[in-house]
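Asks: sharing a model that was predicted from the sequence below.
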Protein chains: 2
Amino acid sequence: MVEGVRELKKRETRRRIAETALRLFAGHGFDAVTVAEVARAAGVTEKTVFNHFETKEDLVYSEDRAFEAELLEGVRTRPAGEPALAAAERFLIGRYRRLAIDPASGDRARMFATLVAASPALRARERRIHARYADSLCALLAAEQRAVPDDMRPRLLAEALMVVHRESLAMMRAGLLEGMPGDEFGPRAVAAARRGLALLAGGFAGYAARRPG
Amino acid sequence: MVEGVRELKKRETRRRIAETALRLFAGHGFDAVTVAEVARAAGVTEKTVFNHFETKEDLVYSEDRAFEAELLEGVRTRPAGEPALAAAERFLIGRYRRLAIDPASGDRARMFATLVAASPALRARERRIHARYADSLCALLAAEQRAVPDDMRPRLLAEALMVVHRESLAMMRAGLLEGMPGDEFGPRAVAAARRGLALLAGGFAGYAARRPG
DNA sequence: CTGGAAGTTTCAGTCACTGTATCGAAAGGG
DNA sequence: CCCTTTCGATACAGTGACTGAAACTTCCAG
């Protein structure tokens, strides 16, 4: 599968649209920028934008397919005998670390934090995307474990993992918005993920929010 | 606070809109019915529909605020010393049982199952609503436990509970769509919820989807 | 009885998103 | 090297969810 001129141009168009959109959104706010304006600024038609991205929100989450593929790959190719939970932990924590170390990723993360904090529509979209990750992960686990349809464990594990991921991101973003320096918000997310995943592994029985008498 | 004629009329309008909407959606499909048609059939303006409901999807989930209030009340007023997990389990299981016993609720549930199965938009809305439940529940738990902002446990517990709830609903709906008789889909949801909540309490360490070697 | 609050209507509009027909450039086979 | 097919982008003309402002009606209070 060689990448011909056609594919190259297509990818470049897509990249240009996403980059333009992020720049405009960061500058004026997600809601204040119309898709038509993004299209115009990127030098394409509105229709072309929607040929590349399903929704306006997807313009912000243009990398999500790549993330999904890598997450699945990370879990799928884990050493034999290793629990999925541990593999997911390795993968996610590696990601958080990279975000904090790579300056470009850090800037991008900072932009994301601002955008997402200001837009309920984006938060909702993020949840939809995480739901899709969970679906894929659940399918992978169910296949691996030869789970019967009634077995809720793959589903629950996959969804719970995404909850921890989302919460870790939220903690990281909170740090970013407080102006936390670049070498601190990474460890913060890592710590959050570790705590969350430990809780998942150990269960809530020891906590379970007993009502104060 | 007496309920004057005005409030009565308003509630009646809202009820009529929701009922009309559900009837039309069930008859022709969610996407095939426009809000304008719902409004017309309910004898009001399109604008009035949007004064009562934030979005078209909310027409289907018109009872969600009541559910949220009752869930929170059920957890808030649990006996001193009881874990929140147990209180939520009691509440949810009671709900599933009622759904299966009450014929009117059963019919409504059947309609829901069909609608939700056919419409991704509705599933997405359901997730948003569950996210709101989780937010409220998390706030309640955090306040009860005097949790510090860094404590991820209230959040994780609340979100995980909603995952179990959603999965139990999914199992129930799957049963409904297979034409399962009215006295079986209730127990099925109850069993699903019990398994899910036991898993949450006990943790995934014993399962954790170890990779087959 | 009268002022005003609240629910509804009317109207005019914005904007995300879609379907269809079409164009032009780039594969690819003969 | 041409001819056909493929496919990404365009132009255009929508649909339909959702909004804001202003007027109109109905109910309640002082």
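Replies: Nice, thanks for sending it over.

Asks: hmm, the helix or strand of chain A with the lowest mean pLDDT touching chain B?
Replies: Least confident helix or strand of chain A, by mean pLDDT, DSSP states H and E, is helix A:103-118 with a mean of 87. No: using C-beta under 8 Å from any C-beta of the partner chain, helix A:103-118 stays clear of chain B, coming no nearer than 14.0 Å. No exception for glycine: its C-beta is placed from N, CA and C like everyone else's.

Asks: tell me how far that helix lies from the chain's centre.
Replies: 12 Å (C-alpha atoms, centre = their mean, to the nearest Å).

Asks: tell me what it is packed against?
Replies: Where contact means 3 or more C-beta pairs under 8 Å, 6 or more residues apart in numbering or on different chains; DSSP states H and E, helix A:103-118 is packed against helix A:5-28, helix A:84-101, helix A:120-145, helix A:153-177.

Asks: report the buried residues of the second one.
Replies: By 16 or more other C-beta atoms under 10 Å in any protein chain shown, the buried positions in helix A:84-101 come out as A:84-89, A:91-93, A:95-96, A:99-100.

Asks: and chain A, which residues reach DNA strand C?
Replies: By C-beta under 7 Å from any atom of the strand, the residues of chain A that approach DNA strand C are A:4-6, A:9, A:33-36, A:46-47, A:50, A:54-57.

Asks: ok, A:Arg123 touching A:Val116?
Replies: Yes: at 6.0 Å, A:Arg123 counts as touching A:Val116 under the criterion of C-beta atoms under 8 Å.

Asks: neighbour count for those two, which is higher?
Replies: Using other C-beta atoms under 10 Å in any protein chain shown as the criterion, A:Arg123 and A:Val116 rank with A:Val116 on top: 21 against 17.

Asks: for the closest residue in space to that one that isn't next to it in sequence, list the residues it contacts.
Replies: Nearest non-adjacent residue to A:Val116, counting by C-beta to C-beta, 6 or more residues apart in numbering or on different chains: A:Leu122, 4.9 Å away. Neighbouring residues of A:Leu122 by C-beta atoms under 8 Å, 6 or more residues apart in numbering or on different chains: A:30, A:57, A:60, A:115-116.

Asks: the closest residue to A:Gly202 other than its chain neighbours: neighbour count?
Replies: Leaving out its chain neighbours, the residue that sits closest to A:Gly202 by C-beta to C-beta, 6+ apart is B:Gly203, at 4.5 Å. By the measure other C-beta under 10 Å, the count of residues near B:Gly203 is 19.

Asks: residues in contact with B:Gly203?
Replies: By C-beta under 8 Å, 6+ apart, the neighbours of B:Gly203 are A:199-205.

Asks: switch the cut-off to 7 Å
Replies: With contact taken as C-beta atoms under 7 Å, 6 or more residues apart in numbering or on different chains, B:Gly203 is in contact with A:200-203.

Asks: then A:Arg95?
Replies: For A:Arg95, the contact set (C-beta under 7 Å, 6+ apart) is empty.

Asks: quick check: the gap between it and A:Asp102.
Replies: As judged by C-beta to C-beta, to the nearest Å, A:Arg95 and A:Asp102 stand 11 Å apart.

Asks: which residues does the residue nearest in space to the middle of chain A contact?
Replies: With distances taken as C-alpha atoms, centre = their mean, A:Asp64 lies nearest the centre of chain A, 6.1 Å away. A:Asp64 is in contact with A:Ile129, counting by C-beta under 7 Å, 6+ apart.

Asks: list the buried residues of stretch A:20-36.
Replies: A:20-22, A:24-26, A:30, A:33, A:35.

Asks: again but with stretch A:71-79, I slipped
Replies: Neighbour-count burial for stretch A:71-79 flags A:71-72, A:74-75, A:78 (criterion: 16+ other C-beta under 10 Å).

Asks: what about A:Glu12, how many neighbours?
Replies: 10.

Asks: over to the one 3 residues further on?
Replies: A:Arg15 sits with 13 neighbouring residues when counted by other C-beta under 10 Å.

Asks: would you pull up the residue in chain A closest to DNA strand C?
Replies: Closest approach between chain A and DNA strand C, counting by C-beta to the nearest atom of the strand: A:Gly4, at 2.6 Å.

Asks: what residues does that residue make contact with?
Replies: By C-beta under 7 Å, 6+ apart, A:Gly4 has no neighbours at all.

Asks: pLDDT score for it?
Replies: pLDDT, A:Gly4: 81.

Asks: show me the contacts for A:Val164.
Replies: By C-beta under 7 Å, 6+ apart, A:Val164 lies in contact with A:193, A:196-197, A:200, B:156.

Asks: and with 8 Å instead?
Replies: Going by C-beta under 8 Å, 6+ apart, A:Val164 touches A:92, A:193, A:196-197, A:200, B:152, B:156.

Asks: try A:Arg211
Replies: A:Arg211 makes contact with B:78-84, B:87, B:144, according to C-beta under 8 Å, 6+ apart.

Asks: now render the residues you listed as a markdown table, adding distance to A:Asp135 and pLDDT.
Replies: What follows is these, written out as a markdown table (distance: C-beta to C-beta, whole Å; pLDDT from 0 to 100):
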| residue | distance to A:Asp135 | pLDDT |
| --- | --- | --- |
| B:Arg78 | 33 | 96 |
| B:Pro79 | 38 | 95 |
| B:Ala80 | 40 | 92 |
| B:Gly81 | 38 | 90 |
| B:Glu82 | 34 | 93 |
| B:Pro83 | 30 | 94 |
| B:Ala84 | 28 | 95 |
| B:Ala87 | 30 | 97 |
| B:Glu144 | 33 | 92 |
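
Asks: which pair in those spans the largest distance?
Replies: Pairwise distances across those peak at 13.4 Å for B:Pro79 and B:Glu144 (criterion: C-beta to C-beta).

Asks: and the gap between the residue nearest to the centre of chain A and B:Ala109?
Replies: Distance, A:Asp64 to B:Ala109, by C-beta to C-beta: 33 Å.

Asks: now swap in A:Ala124 and tell me
Replies: To B:Ala109, A:Ala124 is 25 Å away according to C-beta to C-beta.

Asks: I'd assumed A:Ala87 was in contact with A:Arg78.
Replies: Yes: if you go by C-beta under 8 Å, A:Arg78 and A:Ala87 touch, sitting 3.7 Å apart.

Asks: can you pick the most crowded of the contacts of B:Gly203?
Replies: A:Leu200 (26 neighbours).

Asks: looks to me like that one is in a helix.
Replies: Yes: with DSSP: H, G, I helix; E, B strand; the rest coil as the criterion, A:Leu200 is located in a helix.

Asks: quick check: it touching A:Leu161?
Replies: Yes: using C-beta under 8 Å, A:Leu200 is in contact with A:Leu161, at 7.4 Å.
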